[in-house]
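Asks: Structure of the sequence below:
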Amino acid sequence: MEEKKLKTGKFSLQFGAIAGLVGIIFGVMLYSMDMHYDRSLGVQAVQFGILAVFVVIGIIQFKKANEGFLKLGQALKIGAGVGLIAAIIGTIYFLVLSNVIEPDYMAKTMEIQKAATFEANPQMTQEQWDQGVAFQKKLFPVFLAFGLVVSALFGLIVGLITGLITKKDKPAF
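Replies: Here you go, the predicted structure:
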């Protein structure tokens, strides 16, 4: 009897999409509470927590569907895949938020950052600030790509930890 090999990509896509949607719900919640400019450690921890939960759930569900067996490599693939899919969905939400829902989002973000920067560095000149802003605008696509990489790496790390804890190889007979 030929056994059907289970694909990790299906689980990455499914649980990455769910993580992305839950992340959007969290983002809409922040927006409705006028906290969408908040980049505090608490907000970031919740965002990474959402991702971690769905990486773990995706790996556990894969193991259940695979007759209780899981290789470390499979857990790593699922973790990185969930992280990447969730980040892509989150990036799309961010682009819709910052270009459609609230077109002046970036300008307001810069105002908030400017006030914080000048408070922390009173010796900074307006010219230095303007140079920094121009540099950041040029690198904006790089920052978006960096976010995708960070999310995939975080998923990979969570996948590694989860895989080490839950791995179970099929016995060779």
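Asks: Could you point out which residue ranges in the chain have low pLDDT?
Replies: Within the chain, the segments meeting pLDDT under 70 span 1-4.
Asks: Check it for its longest helix and report it.
Replies: helix 140-166 (DSSP state H).
Asks: tell me what that helix is packed against?
Replies: Here helix 140-166 touches helix 41-65, helix 72-96, going by 3 or more CB pairs under 8 Å, 6 or more residues apart in numbering; DSSP states H and E. C-beta coordinates here come from the backbone N, C-alpha and C atoms, glycine included.
Asks: can you list these in TSV and add mean neighbour count and distance to T166?
Replies: As requested, the helices and strands packed on helix 140-166 are exported to TSV (neighbours: other CB atoms under 10 Å; distance: least, CB to CB, whole Å):
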stretch	mean neighbour count	distance to T166
helix 41-65	18	6
helix 72-96	22	7
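Asks: mind putting these in TSV, distance to Q131 included?
Replies: Output for these, formatted as TSV (distance: least, CB to CB, whole Å):
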stretch	distance to Q131
helix 41-65	27
helix 72-96	25
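Asks: Out of those, flag the one nearest M33.
Replies: Relative to M33, the nearest member of the helices and strands packed on helix 140-166 by CB to CB is helix 41-65, separated by 11.0 Å.
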